[in-house]
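Visitor: Prediction below, plus the sequence it came from.
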Amino acid sequence: MRFLFWLCIGFSSLFIFYGLLSTQIFSFDFDYLKELGPASLAIDEVGLFSTCVLAEFDKDGWTKDVLAKAQVDYDPVKKCDDKFMPYTILGANGTVWLNKNKDGVDYVNCWARAIYFKDDWHYNASGWFALERSASKVVFNSDFVHTSCQLIENITEVVEDFVHLQMWNAQDDKGGKINFTSKKPSPSSSTKFPKPTDLKEEEEIVVDEKPSVFIIVFDSVANSQALRSLPKTISLMEHEFDAVNLKHVNKAGENSHPNGIAFLIGKLITDMDRGIFGLGKETADWNETHACYRYFDDDPFILKEFTKKGYKSMMAEDWANGVFNYPNCWGFKNAPVTHYMRPFQIYYESDLKQSRILMGEDQCFEYHTFLFNYLTKFIKAYKESPKISMVWASEIAHNFNDGLFHVDGQLFNYFRDNRELFDKSYVFLMGDHGIRWGKVRNTWIGEREINNPMMFVSVPRHLRDRINPILKENSNQLLTSFDIHASFVDILNEPHLGAQAGPRGLRGNSFFRPLPPGERSCRTLPIPIQFCLCEWNKTKSENETINDEIGNGAVRLLNGKLRENQIADECEEFTFKKAKEVKTIDRTDGLTEILFAANECDAEFKVLFPSSQTIVRARRMDNGRMNVTLAASDFTRWNSYGDTAACMNKRASLRPMCCCKFKDRPRSSSTVEPTTFHSTTQMKKKTSSTKKSTTIPSPSSTPKSSPSPSTAKSIAKSTTK
């Protein structure tokens, strides 16, 4: 009885305490928490950040919010002319001739020239050579052959401007074969093609000495976005290639540049503030200058490292401001791979609108079409050599939530057509980060998607019994862009992943191996806190007065960052407009996530601009004022900023926090090359009178051409933007 008596007294005291708290009698230590709303009383930031709860979504990636916003039938090439053919034909031996099956070919004159790589921002070009119905006497010794056609009766009218693709000088070295002990596939494994039904329990099979590696990157595509946008492709990968979905990859940086450098070179290029965890700052491997304003030729770019080991290599992007070049970084001085699509992209984007029109009005080419055409030629040219390739498609989904839906059928067919090769290769279907703006961005799933890029991985069939269980285990873990890099290095070092352990001394760990035991959270991994995928309980504040106080404090901190980075002379000082959303993180000492809008640059956009999200620590001081300090070192831009940040093109990491004062005045710098495209050979045509087949001379020895006609610039397009 005495025990029951004291137990009742204890419960009564507890209820009285919470009752007093709810009536605001106990306001001294919990004042701030009370103002923001109900929250856990137990402050335990160490315990909170030492764990990581990861969100799970429906298998198909859909939510009611997204379903209401999606335009699944969007297809920009639905009504295109699939019978389009150019006026010219490029043969297998590098010769070019007029296409006799093209309507109107009798009424045009056409010329051809070769385009060569010079460096990442410049291309070289040969002279022009007139074309006839028979194969040209000239052999065009480049992957890129540019043809241009004019009406005979009106030389001012250019009717076509086209760039053909080929694999020039491709030499298939034949890949070595080895005997590999394989176990019979488990019943759950796909056996459609090929069907290894005759394998015994421990039978030796002949496999490629170095399996090929195919990296396919869709810019700004998140994991759950891929599930709802590419269902056919993902189904094919899972059922035919036993691909594993690594669901919880966490991006390392704001945009493609830091994320690409992380998973392709393994370097961190921005400092990480660990103060929120009670830890010191993690210093970047490279500063901004080192990560942009020099050439990458001497760095261990993963495709280049594979090339050194005898792999044939190919890289293609559909945007000139690509992963190593945005916004005006130098990139490579020398081509880093065997076949490099950079010259095509530089030329094509020198006048993008005109290029699209002159390559065939209403034709079915999209930006990514050229990438996969180039990859197909690469695959066919090196049927037996070990290969590594990376195609990076930026234009499909970077600015448009619905852009990916219509690609599903195309990608499905591509994987199916290459199924035998992909079945014995490593295949990575991945993103670099999620979409950073658009109609899905402001939904709950959209907020998570921005930090969670797609990653589907398929290993060669003979390795799946051993590797897939590990991949499936790791698919439930928090992973980083640096883990992707470590996995690439693992294949580089051990093509069949035969070693006992993966590579060491890197920022990441190979996900083909069991991950090291211990804590995997944003506290222990190289993940900036503002991008962290770990879920924490948050309490939304409905108190507008408190929200405005925190918002004004956040704007003062943002302006302080402008001064700290010495860009206040070029960027507008921000003034607070509205706190759009304020949430306190439960079990913390005032850690608050705020989404706010400022007044500057608002006139140029329909949405509030700029909108930023950051994490601050807000405490009520003894004098009654709200003290707001920055808990995460960076402000994350919540919507598109476009040209309003153009004055920061030379300091890309600062673009999100800048609203330029002088929008028409570029920021000058004597140490950085301008963002322009250049051809070192003038745009001129030349008629060849050589009777026997000749390989055109290299650009350095190109003979002088006769004066170009008045339309030369419209034919070849000046390459200065």
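Guide: That came through fine. Numbering: from 1, shown residues only.
Visitor: okay, CA-based contacts and neighbour counts for the rest of this
Guide: OK.
Visitor: Report the rounded mean pLDDT for stretch 136-150.
Guide: Average pLDDT, stretch 136-150: 96.
Visitor: Ends of that stretch, what's the gap?
Guide: 18 Å (Cα to Cα, to the nearest Å).
Visitor: hey, where'd the strands end up in the stretch 351-500 of the chain?
Guide: Using DSSP state E, counting those that start in this stretch, the strands found in the stretch 351-500 of the chain span residues 387-393, 426-430, 455-458, 479-480.
Visitor: want to throw the ones you listed into TSV with mean pLDDT and distance to Thr376?
Guide: Formatted as TSV, those follow (pLDDT from 0 to 100; distance: least, Cα to Cα, whole Å):
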stretch	mean pLDDT	distance to Thr376
strand 387-393	97	11
strand 426-430	98	15
strand 455-458	98	19
strand 479-480	98	30
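Visitor: Ranking those strands by mean neighbour count, which comes first?
Guide: strand 479-480 (a mean of 28; mean count of other Cα atoms under 10 Å).
Visitor: Given that strand, what are its sheet partners and their directions?
Guide: Strands flanking strand 479-480 in the sheet, each with its direction: strand 249-250 (parallel) (DSSP bridges).
Visitor: Let me know the average pLDDT across the partner strand.
Guide: On average, strand 249-250 scores 96.
Visitor: Make 661 the first number, not 1, from now on.
Guide: Got it, the first residue is 661 from now on, which makes the last one we talked about strand 909-910.
Visitor: returning to that earlier point: with distance to Tyr747 as added columns, please give the strands of the stretch 1011-1160 of the chain in a markdown table.
Guide: Output for those, formatted as a markdown table (distance: least, Cα to Cα, whole Å):
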| stretch | distance to Tyr747 |
| --- | --- |
| strand 1047-1053 | 27 |
| strand 1086-1090 | 35 |
| strand 1115-1118 | 40 |
| strand 1139-1140 | 48 |
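Visitor: Out of those, flag the one nearest Val867.
Guide: Closest to Val867 of those is strand 1086-1090 (Cα to Cα; 13.2 Å).
Visitor: orientation of that closest one relative to strand 1047-1053 in degrees?
Guide: Orientation note: strand 1086-1090 sits at an angle of 10 degrees relative to strand 1047-1053 (axes from the mean of the first three to the mean of the last three Cα atoms, to 10 degrees).
Visitor: so what secondary structure elements neighbour strand 1086-1090?
Guide: Strand 1086-1090 sits against strand 873-878, strand 1115-1118, with contacts defined as 3 or more Cα pairs under 8 Å, 6 or more residues apart in numbering; DSSP states H and E.
Visitor: Take those strands and lay them out in a markdown table including distance to Gln731.
Guide: Listed next are the helices and strands packed on strand 1086-1090 as a markdown table, based on distance: least, Cα to Cα, whole Å:
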| stretch | distance to Gln731 |
| --- | --- |
| strand 873-878 | 19 |
| strand 1115-1118 | 24 |
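Visitor: closest to Val737 out of those strands?
Guide: Ranking the helices and strands packed on strand 1086-1090 by proximity to Val737 (Cα to Cα) places strand 873-878 first, at 18.7 Å.
Visitor: Could you check how far the closest one is from the centre of its chain?
Guide: For strand 873-878, the separation from the chain centroid amounts to 11 Å (computed by Cα atoms, centre = their mean, to the nearest Å).
Visitor: show me the biggest strand of the chain in terms of residues.
Guide: With DSSP state E setting the assignment, residue counts place strand 768-779 as the longest strand in the chain.
Visitor: Can I get that one in CSV, CA atoms only?
Guide: Output of strand 768-779 as CSV, limited to C-alpha atoms (Å, rounded to 0.1, in the frame of the first residue of the first chain):
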residue,chain,number,x,y,z
VAL,A,768,22.0,22.8,-102.8
ASN,A,769,25.7,23.1,-102.5
CYS,A,770,27.3,21.5,-99.5
TRP,A,771,30.7,21.6,-97.8
ALA,A,772,32.3,19.7,-95.0
ARG,A,773,35.1,20.3,-92.5
ALA,A,774,36.5,18.5,-89.4
ILE,A,775,36.3,19.9,-85.9
TYR,A,776,39.0,19.0,-83.4
PHE,A,777,39.5,19.4,-79.6
LYS,A,778,41.9,22.2,-78.6
ASP,A,779,41.0,22.6,-74.9
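Visitor: which outside residues touch it?
Guide: When contacts are defined by Cα atoms under 8 Å, 6 or more residues apart in numbering, strand 768-779 is touched by residues 748, 756, 758, 783-792, 800-812, 992-995, 1002-1004, 1345, 1359.
Visitor: Asp833 - how many residues pack around it?
Guide: Counted by other Cα atoms under 10 Å, the residues lying close to Asp833 total 14.
Visitor: ok, now the one 5 residues further on?
Guide: Look at Ile838: counted by other Cα under 10 Å, it has 13 neighbours.
Visitor: quick one: secondary structure of it?
Guide: Following DSSP: H, G, I helix; E, B strand; the rest coil, Ile838 is assigned to strand.
Visitor: mind listing what it touches?
Guide: Val866, Val867, Asp868, Glu869.
Visitor: Need the phi and psi values for the first one.
Guide: Just to be clear, that refers to Val866. Main-chain torsions, Val866, degrees, to the nearest 10: phi -90, psi 120.
Visitor: just the second one next, same as before
Guide: Comment: the main-chain dihedrals of Val867 come out as phi -130, psi 170, following degrees, to the nearest 10.
Visitor: Same check on the one 3 residues further on?
Guide: As for Lys870, its main-chain torsions (degrees, to the nearest 10) stand at phi -130, psi 100.
Visitor: Asn839 is in contact with that one, correct?
Guide: No: Lys870 is not in contact with Asn839 according to Cα atoms under 8 Å; the separation is 12.0 Å.
Visitor: Those two: which has the busier surroundings?
Guide: Lys870 (22 against 12).
Visitor: quick one: secondary structure of Asn1207?
Guide: Put simply, Asn1207 is helix when judged by three-state DSSP.
Visitor: measure it to Cys1192 for me?
Guide: Shown here: Asn1207 relative to Cys1192, a distance of 23 Å by Cα to Cα.
Visitor: For Asn1078, grab the count of nearby residues.
Guide: 12.
Visitor: for the stretch 861-1010 of the chain, which spans come out with low pLDDT?
Guide: Applying pLDDT under 70 to the stretch 861-1010 of the chain flags residues 861-863.
Visitor: oh sorry, the question was meant for the stretch 661-810 of the chain
Guide: 661-701, 727-728.
Visitor: quick one, strands of it?
Guide: Secondary structure of the stretch 661-810 of the chain (DSSP E, counting those that start in this stretch): strands at 748-750, 756-758, 768-779, 782-785, 789-790, 798-799, 804-811.
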